[in-house]
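> Pasting the sequence and the predicted model now:
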Amino acid sequence: MKKLALSTSYAAVLGAVIRRERVAMGLDQSKLAGILDLGQTGVSRIERGAVCCTVDTLDLIGQALKVGASELLKRAEDGRTRLVTRGVKVGPTDGKQDVVTLGTQSLQSLLFDDPQPEE
């Protein structure tokens, strides 16, 4: 029997960090989308990890959130480390395990000790 494992993508970890910063600044997805000249759906997809953003888009997001792209990546890397120590696989799966992909709320709970503020 295959072992069941929790899994997520690095893009989802980065997206969770972006969402947290956006909410902390009091921006909704539409406002951030306007600043970035993206649609609200595009911001939502980035925050859910459904798409990987380009380096240029990450730079624009960092500027808009006043933290910089390098800081967003550092926080995502810190989050990845935290997840791995909690037994969550971050990255592609190897096919040797049955995996359960973490949803947005579960990912937020495992990444951050304090509850995510509501939008």
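Received it, and whenever you're ready, just let me know what you need.
> C-terminal to the helix or strand bottoming out on mean pLDDT in the chain, what's the next element?
Lowest on mean pLDDT, DSSP states H and E among the helices and strands of the chain sits strand 98-101, with a mean of 66. The first helix or strand that comes after strand 98-101 along the chain, using DSSP states H and E, is helix 104-111.
> tell me the mean pLDDT for that following helix?
If you average the pLDDT over helix 104-111, you get 75.
> and if you look at stretch 11-23?
The pLDDT scores in stretch 11-23 average 94.
> buried stuff in that stretch?
Neighbour-count burial for stretch 11-23, counted by 16 or more other CB atoms under 10 Å, picks out 11-23. Just so you know, the C-beta spots here come from the backbone N, C-alpha and C atoms, and that holds for glycine as well.
> what residues does it touch?
Contacts of stretch 11-23 with the rest of the structure, by CB atoms under 8 Å, 6 or more residues apart in numbering, involve 28-29, 32, 46-53, 58, 61, 65, 67, 72-73, 75-76, 79-80, 83, 90, 102, 104, 107-108, 111-112, 116-117, 119.
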